[in-house]
Structure formats: structure tokens, C-alpha cells
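Engineer: Structural data only, the sequence is not supplied:
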């Protein structure tokens, strides 16, 4: 390996180390003191509950661990948005688990917590995946109620989804292991079965203080809505558990008896590891987002036996398309080629830019994958579509629209891995969040924005200086540089993968070595949901 490779490797491994450090801090939730407080109540923390519930030594992936990262600082922060969401296995059955973290503001719902819960339910509905709720929440975070209560994608949408999932036949089990109040009280009761932990769980529309204030009745919370009340008097709950572990054991027992599911039938053979060393991924991805590299070298270290059957290899070279297997699953891969390439006219083309011929090729390939019922994997490192008179006269907008149309109307499950750049309309064409990938994750080397920080700063600086000149003001070179740096620093912060993950524009930032796991578990989840409609692209400019 050369010096450049070693330098890249050191840089990217440091990025992964930084990711792990941040995650370890997030895993502590509200901190050691609050964890200790939960233990003194005889309760497990949200993460301890999830770990106990999931099958030992089984694979799992966490959705939105970085949700809320560096947000709500004035409120003390909201690690992981105060809720843990994991796709894993219970009694051998793949499912999604949603666990309120009572160490973070008593499990209260921040706006990003609502968004994260809805994302968990979206995954369950798209994939017809069983869902388990481990409830321990004080309800809506009242100081920010206007940002979580009344709108379509706010708190109430969760209970609407409960009802829709029930009608779809998706299994929903709720274990109430602490507070469950106000509107949140509907969630466990709209699930198929509800378990309550004796003495620590409570369900009511209004607690004892509000009841006293509203109607003058004096009553304690346990009598009002404890496990005994709801198991022996109201019939609201179905089971009473002695403690957290007993409740989780009951969930395991229920899952152990669930029947098999209808399958989509995606092709899978015996998994094989890549023939090329996956650890070399760290040395291939460059430190700077402007440096080119060969995306085929990335693909060969992700796919089974490093075999990639390339489609139209000599045409539209800035997009790589082809068939492969990942952990045994057949996939169609659409990837941005970052290496400078020559087209059929022997002209050099910019790496990471989508040209008309590339868009045309990818559109047809996506249609083929839909025809053959092959899941799609998008590997993003895209700077956008080609610009300039030659591209415009050649119909780049028309060809780009065809690609966007194919991605939008695709009926096979899509999975997006953001390796490097994810800029502008390229984000859309390569199945960004707006195009419903089943899972979308980023490597630590990624950037998400309309354009790069440097490009954006140049554009905004031109606008600012032009405005000042109109006012008759002069700007010195020093002032111009100071303004440029100020704009660029702000913009660079917003294109960070952590900024995106905090807002759930991506489901996670992952170690590149975990890419195969995320895709494999994602396709396994998608296999729970048979395709029920035909692929159609609608009206197109030809």
C-alpha cells in the first residue's frame, strides 16, 4: 500500500473512532445518576430492557442513535431523542423495538422524539415488521408542545399508525414499564396485547394531581391507573408482570408462538464474505471530498466473493450499475463513479457527476431490477448533474427527470448508503431520504447539502458583495476573506453527517464495515412485505 492509502486509512479510522466515542456517550442517556435512580426503583434502563429482550448474540441495528445530537442544548439535551429504536430478533423473529428512555427528561417527547417514533412505525409498516413498544414516558415535553402536538406528522400520528398497522395485520405488543399518560395512554391499548409491571407501571388520561384540579377527586396514581386496577377492574391491560424482566419474558413468550409470514421472495443463496479485504475500505475513501477514486474498489469490498456483474460497462461511465450479492441476497447496485473517465466520444468526464448517458443507463437498469424483483442498493458520492450549455442542449434535465421518475416509482425495496458527497439533485436521483429508501445510512466521510461548503460560500459571498456595492460600500480583501470564512464555517457545520443524523435525514452514521449487515437486515425486513403493485413510470419526455 502507498503513502496516500495509509494516510486515508489513518484519517478514516480516526473518523470511526470519533463516531464510537460519541455513541458511547449517547448510550449513557441522561447520565449515571439518572441510571442509578432508575435502578433504585427496581427498573431497568431502556437499553438494558432492549438487550434483555433481544435474542442473545443475535444481530441488531439501531435506528436514530444520533437523533437529537447537539439539539435542545438549552433544555439539557436529548440523547438519542430520549427513545431507543432497534431492529433485532425476539424468539428468532425479526422485529423492531421502541423503548422510551426514562433517564432523559423522564422519557418525555421532544419534537425529534416524535419524528423518531414515527420513523420506527414507518419501518414497521413498509416492511410489515412486528413492533414492540417498551413504554416509560411522561408524555409530551410541555415547553415545546407547539412543535409536537397538533400537526399531521406530530404526536397524534402515532396512534393513527397504531390503528392502521392493526388493520394491516402487523403484530404490536406493548409492555408498560413506567409512566404512560394522557394521549400516550392510547398506544398500549391500541396494540394487540398490553403488559403492565406491578407497582411501577401506570396508565391514565390524567394523573392524580390533574384529577384533583379538574374534578376535585382525591386518589393516588396506583389506585387510579396501576397494574392491578387495569388487570382486575378496567380490563385495559392483558397481563400483569412482577418486574421488568417478567414483563419482557412475557413478550418473548408471545413472540415465540407467532406464525410464519408471507414472503416477498427476494433471491438469497449461501452468504460469502468479499474476496477482497473489507478493512481496505478505510484506505480507499479519500480524505478530501474533491479527490477522485475508483468506486469499483469500494463495491468489491462490500459484495459477496467480490463479484460485480456490471451492466453497460462502456456506456454512461459516471454511474456504475450491476448485479451482485450481499450476505447472500441478490441486489442491483447503482453507484456514482468518482474516477475521471472517458465516454464513448473519448472525452473526459468529471467523477461523481451524472451525465445524460449515465442517467439513461441507470433508468433502464432500475426498470430491469423492478422487472426481476431485485432490491436496489444506491452508493452515493454525487456532486450533482452536469451543468453548462452542452449538457442543457443535450437534454440533461429530461434524462435526469427519467432517472428521478424511475427511483420514485420503484416498487422493489431501496437502500441508500452515503459514502461521500450527497449534493443537490444528485441526492434525489440517487434515492435520498425523500425517495423512500427502506434504510438510509451514512459513512463518517459523508456530506449532505445543496452544494459543498466552499461552493456555497463563493455563491453567497458574491451575492453579499454585490449587495454592498449597490449600497455604495467597498469591501477589502481582508473583509472579503473574513466574510467567506464565516459563511463557509456555518455551512460546513450543516453539511456534517452528524447534523443530518441528528435530524433523522439519515437513519444512522455507521462504520463502513457494518454496511453489509445493514443491507442484509434491511432486505430480510423487506422480505416480510410482498410486492402488491406493478412498476410504472408514468408520463415521460422522450
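Structural biologist: Received, thanks. As the structure is a computational prediction, the values presented were derived from the model and not from experiment.
Engineer: Averaged pLDDT, stretch 262-272. What do you get?
Structural biologist: Stretch 262-272 carries an average pLDDT of 97.
Engineer: Could you pull out the buried residues of it?
Structural biologist: Across stretch 262-272, burial judged by 16 or more other Cβ atoms under 10 Å covers 264, 266, 268. Quick note: C-beta positions are derived from backbone N, CA and C, even for glycine.
Engineer: do you know how far the residue of the chain lying at maximal distance from its centre is from residue 322?
Structural biologist: Largest separation from the mean C-alpha position in the chain: residue 472, at 48.6 Å (Cα atoms, centre = their mean). Here the criterion is Cβ to Cβ, to the nearest Å. By it, residue 472 lies 59 Å from residue 322.
Engineer: Also residue 529?
Structural biologist: 25 Å.
Engineer: returning to that earlier point: any chance of the buried residues of stretch 262-272 in CSV, plus distance to residue 255 and secondary structure?
Structural biologist: Shown next, in CSV, are the buried residues of stretch 262-272 (distance: Cβ to Cβ, whole Å; DSSP: H, G, I helix; E, B strand; the rest coil):
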residue, distance to residue 255, secondary structure
264, 21, coil
266, 23, coil
268, 23, strand
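Engineer: Which member of those is positioned nearest residue 282?
Structural biologist: The nearest member of the buried residues of stretch 262-272 to residue 282, counting by Cβ to Cβ, is residue 268 at 28.4 Å.
Engineer: What residues does the closest one make contact with?
Structural biologist: 328-330 (Cβ atoms under 8 Å, 6 or more residues apart in numbering).
Engineer: just the buried members of those?
Structural biologist: Of the contacts of residue 268, these count as buried by 16+ other Cβ under 10 Å: 329-330.
Engineer: Closest one of the contacts of residue 268 to residue 169?
Structural biologist: Checking those one by one against residue 169 (Cβ to Cβ), the nearest turns out to be residue 329, at 24.7 Å.
Engineer: What is the burial count for the closest residue to the closest one other than its chain neighbours?
Structural biologist: Take residue 329 and drop its neighbours on the chain: the residue closest to it by Cβ to Cβ, 6 or more residues apart in numbering is residue 523, 4.6 Å away. With neighbours defined by other Cβ atoms under 10 Å, the count for residue 523 comes to 27.
Engineer: ok, now residue 75?
Structural biologist: Residue 75 has 13 nearby residues by other Cβ under 10 Å.
Engineer: I'd say it and residue 143 touch.
Structural biologist: Yes - if you go by Cβ atoms under 8 Å, residue 75 and residue 143 touch, sitting 7.1 Å apart.
Engineer: Could you pull out the strands in the stretch 351-500 of the chain for me?
Structural biologist: 353-354, 376-382, 384-385, 414-423, 439-442, 447-449 (DSSP state E, counting those that start in this stretch).
Engineer: which helices and strands sit right next to the fourth one?
Structural biologist: In other words, strand 414-423. Counting contacts by 3 or more Cβ pairs under 8 Å, 6 or more residues apart in numbering; DSSP states H and E, strand 414-423 packs against strand 376-382, strand 439-442, strand 447-449, helix 515-526.
Engineer: and residue 361, how far is that from residue 398?
Structural biologist: Residue 361 is 15 Å from residue 398, by Cβ to Cβ.
Engineer: Between these two, tell me which one has more neighbours.
Structural biologist: It is residue 361, of residue 361 and residue 398, that has more neighbours when counted by other Cβ under 10 Å, with 24 against 14.
Engineer: and the spatially closest residue to the more buried one that is not a sequence neighbour, how many neighbours does it have?
Structural biologist: Using Cβ to Cβ, 6+ apart and skipping residues adjacent in sequence, the residue nearest residue 361 is residue 316, 3.6 Å away. Residue 316 is flanked by 28 other residues according to other Cβ under 10 Å.
Engineer: Repeat that for the one 3 residues further on.
Structural biologist: One way to gauge burial is a neighbour count; for residue 319, by other Cβ under 10 Å, it gives 28.
Engineer: ok, it touching residue 335?
Structural biologist: Yes - Residue 319 is in contact with residue 335 according to Cβ under 8 Å; the separation is 7.2 Å.
Engineer: so where's this structure uncertain?
Structural biologist: 1, 142, 183, 344-346, 542 (pLDDT under 70).
Engineer: Can you name the next helix or strand after the longest helix anywhere in it?
Structural biologist: In the chain, assigned by DSSP state H, the helix with the most residues is helix 3-26. Scanning forward in sequence from helix 3-26 by DSSP states H and E, the next helix or strand is helix 32-40.
Engineer: what's next to that following helix, contact-wise?
Structural biologist: 28-29, 44-45, 102-104.
Engineer: Output the contacting helices and strands for the helix or strand where residue 163 lies.
Structural biologist: Following DSSP H and E, one finds residue 163 within helix 156-168. Judged by 3+ Cβ pairs under 8 Å, 6+ apart, helix 156-168 is in contact with helix 111-127, strand 172-181, helix 186-189.
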